[in-house]
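A.B. asks: whatever this is, show me its structure:
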Amino acid sequence: MVLFALMLATGPAAACDVTLVGAGTTIRLDYDAFAFSRTVGRQNFELENRDEDACTIDLVLLNAERLPVGDAVIPDTDVRVTFSSRAGSAAVATTATPGIWRITMAGNERMTVPLEALVTQDAVPEAGDHALDLMLEVRDIGAPATNTAPAPVRVQLFAVPRAQMNIAGAAGTFGEGSTVSHIDFGILASDATRSVFLQVRANTTARLTIDSAHRGRLLLKDKPDGDEGFSYQARLRGEEIDLTRHWEQVIEAPRSVAGTSMPLELRLGTIGPHVAGDYEDVLTLEISAL
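C.D. replies: The predicted structure is shown next:
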């Protein structure tokens, strides 16, 4: 009797021949720290299956340590972004590991895969460009690495220069709402004072300007011509403002949503004999990013 032992050895499955088409690219986010909406950046990536057979691969977003990254903080900003891919097709699926997407492609197929970066943690970064450098890599399912070079991906956050100001009443009689539209001295009396607070926030150096329509005087309403009215003074954070001319000051507000609060005090001078009526001046306060 002759016995034959038959053995069949199987080699490893053939690797998928899927590549990223094109060079590295940038995902740009135009970020306004003081806006009330989530900032999103999107970029499309092209995959090409050069094999005739269908293939399933992992698309991996890597950080500098070559670890999969599902979210990250943009350097020097404290702004966190979360990454996702929404191809609108069952061919692209998330995995248990953030930053890895499983993609099934037909033979000889070319597919567009969008990558989205969504701001999920806000901050107030300095105005200008901030960048996070990552890599995008195609791997066989479950493989720890690949033999092909990854494509560089730069996440670029542009912090839009912003300077904003609210005027909040602190004492006396003020206009309706949280923003003061007028300051009412009531019945004029010598040395009467009223105060408001200028709440300023900015992500860059800002300029505050103040201009008095009547050069620091309250004039009779609707009849300003020929009326000398009454002088008054203004102090910002204890510093006297010359209302007879254009006034401006460069401000460095804390890089925060709250910003800084600056007291503005208005004080009447000596009130002598005067014609009955309403007296007014218009102060124009403007804040601008430099």
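A.B. asks: share the number of residues neighbouring the closest residue to Pro98 other than its chain neighbours, please.
C.D. replies: Excluding the flanking residues, the one nearest Pro98 by Cβ to Cβ, 6 or more residues apart in numbering is Gly70, at 2.3 Å. No exception for glycine: its C-beta is placed from N, CA and C like everyone else's. Residues contacting Gly70 under the criterion other Cβ atoms under 10 Å number 13.
A.B. asks: ok, Gly70 - contacts?
C.D. replies: 61, 82-83, 97-99 (Cβ atoms under 8 Å, 6 or more residues apart in numbering).
A.B. asks: try it again at 10 Å.
C.D. replies: 61, 82-84, 94, 97-100 (Cβ atoms under 10 Å, 6 or more residues apart in numbering).
A.B. asks: same question for Lys221.
C.D. replies: Applying Cβ under 10 Å, 6+ apart to Lys221 gives the contacts 227, 277-280.
A.B. asks: again, only this time at 7 Å
C.D. replies: Applying Cβ atoms under 7 Å, 6 or more residues apart in numbering to Lys221 gives the contacts 277-280.
A.B. asks: ok, back up a step: using CSV, lay out the contacts of Gly70 together with pLDDT and secondary structure.
C.D. replies: Listed next are these as CSV, based on pLDDT from 0 to 100; DSSP: H, G, I helix; E, B strand; the rest coil:
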residue, pLDDT, secondary structure
Leu61, 97, strand
Thr82, 98, strand
Phe83, 97, strand
Ser84, 95, strand
Thr94, 90, strand
Thr97, 95, coil
Pro98, 96, coil
Gly99, 96, coil
Ile100, 96, strand
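A.B. asks: in strands, which of the contacts of Lys221 fall?
C.D. replies: Residues from the contacts of Lys221 lying in strands, with DSSP state E as the criterion: 279-280.
A.B. asks: out of the contacts of Lys221, who's nearest Thr270?
C.D. replies: Closest approach to Thr270 among the contacts of Lys221 (Cβ to Cβ): Tyr279, at 14.2 Å.
A.B. asks: now name the helix or strand holding the residue nearest to the closest one when sequence neighbours are not counted.
C.D. replies: Excluding the flanking residues, the one nearest Tyr279 by Cβ to Cβ, 6+ apart is Leu218, at 4.0 Å. Leu218 belongs to strand 217-220 when assigned by DSSP states H and E.
A.B. asks: show me which residues of whichever helix or strand comes after that strand are buried.
C.D. replies: Tracing the chain past strand 217-220, the next element assigned as helix or strand by DSSP H and E is strand 230-236. In terms of neighbour count (16 or more other Cβ atoms under 10 Å), strand 230-236 has its buried residues at 230-232, 234, 236.
A.B. asks: for the residue lying closest to Cys16 once chain neighbours are set aside, give me its contacts.
C.D. replies: Nearest non-adjacent residue to Cys16, counting by Cβ to Cβ, 6+ apart: Cys55, 3.8 Å away. Neighbouring residues of Cys55 by Cβ under 7 Å, 6+ apart: 16, 18, 49, 105.
A.B. asks: what's across from Cys55 in the sheet?
C.D. replies: Met105 (DSSP bridges).
A.B. asks: what's the spacing between it and Thr104?
C.D. replies: 7 Å (Cβ to Cβ, to the nearest Å).
A.B. asks: go on, Ile167?
C.D. replies: Ile167 is 59 Å from Thr104, by Cβ to Cβ.
A.B. asks: so where is the stretch 1-150 of the chain shaky, pLDDT-wise?
C.D. replies: 1-14, 23, 87-90, 147 (pLDDT under 70).
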